[in-house]
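Visitor: Fold the stuff below for me.
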Amino acid sequence: MSLATAYWNSQIFLTAHRIGLFSLLAKTAKTSEQIAIALNTKPRPTALLLNACVALGILEKDREYYKNAPSTEFFLVPGSPAFMGNAISYSDDLYETWGKLEQCLREDKPMLPPAEYLGSDVEKTRHFVYGMHNRAMGTASALVNLVDLGDRRQLLDVGGGPSTYSCMFAGRYPELKSKVLDLPGIVAHANDIISSMGKQHQVSTLPGDYHTTEFPEDNDVVLISGVFHRESEQDCRKLINKAADSLNSGGMLIISDVFADMGCCSPVFATLFAVNMALTAENGGIHADADVMKWMADAGFTGLEIKKFPPPMPHRLIAGYKQ
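Guide: Predicted structure coming up:
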């Protein structure tokens with residue numbers, strides 16, 4: 001029954017976020033009646049939603065007044081340095097898509113056409129890019145501390161999305177230059193993010209498709225993060241080989257993603273994430289980190305190692321060096 005009703009929790013949370021409840025309660029407390037008036041909702045169901053939010057730990061209640069819980073105030077109020085609202089909006093965009101899981105099983109095609117959130121639908125694309133940026137602010141902070149780039153000076157960020165990883169690396173290595181390769185609809189937003197992080201003098205973008213666009217040469221580091229879960233083994237191997245060709249001797253390849261254990265039945269988040277990717281990408285799924293390490297070895301990379309991100313982050317990275 002917990003599994004059968006888990007979507008109740010999700011819809012309460014997603015709906016509260018969508019209607020602007022957490023922004024309304026930023027640093028203030030209001031009654032149910034005041035909230036209903038401000039949000040243009042009906043008083044009775046609004047009160048039921050608010051009480052459910054309290055039970056879920058999203059809100060707190062003191063007599064008749066409701067306010068954001070501390071974690072809600074920190075992560076879901078615009079302007080907070082830890083704001084995750086765009087990531088939540090992207091999850092909200094996927095709710096209807098998950099309702100088509102049976103159709104996905106029968107047709108083996110994504111139920112949300114990737115083009116919608118990769119450029120053709122402006123609002124969904126923005127939710128996707130800024131959602132990735134929200135999440136990447138945490139994962140990038142971990143990643144830059146898991147690898148040492150030393151005196152390497154040129155990084156190629158393949159499928160770099162919002163450019164967050166490149167900007168974070170640029171912050172740690174002031175002499176580093178990075179080029180972010182991604183689709184035109186994505187890098188249009190990435191350029192704004194680069195400027196907002198003040199890294200436009202170190203980080204630039206290259207509009208293109210990593211499947212077909214030639215990788216610039218003379219790289220000391222190639223980063224492929226959050227890409228392999230969209231690709232088949234064949235295309236992953238092609239990207240590894242393209243990275244190898246673009247690297248200088250001794251250059252480093254870093255592949256970061258949500259990886260599974262051998263057999264791909266654990267951890268739980270990775271297996272659920274794989275289904276989400278099947279719903280949203282043509283070849284979406286997950287790979288075992290041990291398999292990816294083998295593909296890198298087959299391409300001639302040495303000194304291979306796997307590192308896990310700090311909990312609760314589900315990500316892992318594999319790093320290796322071109323001979």
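
Visitor: tell me the contacts of the spatially most central residue of the chain?
Guide: Computing the C-alpha centroid of the chain and ranking residues by CA atoms, centre = their mean puts residue 132 first, at 3.6 Å. By CB atoms under 8 Å, 6 or more residues apart in numbering, the residues touching residue 132 are 87, 161-162, 164, 226. To be clear about C-beta, it is placed using only N, CA and C from the backbone, and glycine gets the same treatment.

Visitor: ok, now residue 127?
Guide: Per CB under 8 Å, 6+ apart, neighbours of residue 127: 86, 89-90, 93, 117.

Visitor: For this structure, just list every one of the strands.
Guide: Ranges of strands in the chain, per DSSP state E, are 30-31, 59-62, 65-68, 154-158, 177-182, 203-207, 219-225, 247-257, 301-308, 316-322.

Visitor: Which positions in the second one come out as buried?
Guide: So the one you mean is strand 59-62. By 16 or more other CB atoms under 10 Å, the buried positions in strand 59-62 come out as 59-60.

Visitor: most neighbours, which of the contacts of residue 127?
Guide: The most crowded member of the contacts of residue 127, judged by other CB atoms under 10 Å, is residue 117 (24 neighbours).

Visitor: hang on, that one packs against residue 125?
Guide: Yes. Between residue 117 and residue 125 there is a contact under CB atoms under 8 Å: 5.5 Å.

Visitor: ok, which stretches of the stretch 51-200 of the chain are helices?
Guide: Along the stretch 51-200 of the chain, counting by DSSP state H, counting those that start in this stretch, helices occupy 70-76, 85-93, 95-98, 101-107, 114-115, 122-146, 164-172, 184-196.

Visitor: Show me how far the longest one is from its chain's centre.
Guide: Chain-centre distance of helix 122-146: 5 Å, with CA atoms, centre = their mean, to the nearest Å.

Visitor: okay, the angle between that helix and strand 219-225?
Guide: Going by axes from the mean of the first three to the mean of the last three CA atoms, to 10 degrees, helix 122-146 is angled at 120 degrees with respect to strand 219-225.

Visitor: Give the buried residues for helix 122-146.
Guide: Buried residues in helix 122-146, counted by 16+ other CB under 10 Å: 124-144, 146.

Visitor: And stretch 222-232, by the same measure?
Guide: 222-231.

Visitor: of all these, which comes closest to residue 250?
Guide: Within these, the smallest distance to residue 250 is 12.6 Å, found for residue 222 (CB to CB).

Visitor: My guess is that closest one contacts residue 247. True?
Guide: Yes. The criterion here is CB under 8 Å, and residue 222 meets it with residue 247 at 5.9 Å.

Visitor: any residues in contact with both of those two?
Guide: residue 253.

Visitor: Name the residues that touch stretch 39-52?
Guide: Outside stretch 39-52, the residues that reach it (CB under 8 Å, 6+ apart) are 12, 15-16, 19-21, 24, 32-33, 35-36, 59, 61, 66.

Visitor: rerun that using 10 Å as the cut-off
Guide: 8-9, 11-13, 15-16, 19-21, 24-25, 30-33, 35-37, 58-59, 61, 64, 66 (CB atoms under 10 Å, 6 or more residues apart in numbering).

Visitor: who's in contact with the worst-scoring helix or strand of the chain on mean pLDDT?
Guide: For the chain, counting by mean pLDDT, DSSP states H and E, helix 114-115 ranks last in confidence among helices and strands (a mean of 86). With CB under 10 Å, 6+ apart as the test, helix 114-115 has contacts from 120-121, 124-125, 128, 183, 185, 230, 280-282, 284.

Visitor: Which one among these sits at the bottom for pLDDT?
Guide: When these are compared by pLDDT, residue 120 scores lowest at 82.

Visitor: who's in contact with the residue lying closest to it once chain neighbours are set aside?
Guide: Spatial nearest neighbour of residue 120, excluding adjacent residues (CB to CB, 6 or more residues apart in numbering): residue 185 at 7.4 Å. By CB under 10 Å, 6+ apart, the contact list for residue 185 reads 115, 117-122, 125-126, 128-129, 207.

Visitor: With respect to residue 195, which of these is nearest?
Guide: residue 129 (14.0 Å).

Visitor: doesn't residue 135 make contact with the closest one?
Guide: No. The pair residue 129 / residue 135 is not scored as a contact, 11.2 Å apart, by CB atoms under 10 Å.

Visitor: what touches both of these two?
Guide: Residues touching both residue 129 and residue 135 (CB under 10 Å, 6+ apart) are 86, 90, 162, 164.

Visitor: What count of nearby residues applies to residue 240?
Guide: 24.

Visitor: OK, contacts around it?
Guide: 222, 224, 228, 253, 255, 292, 295-301, 320.
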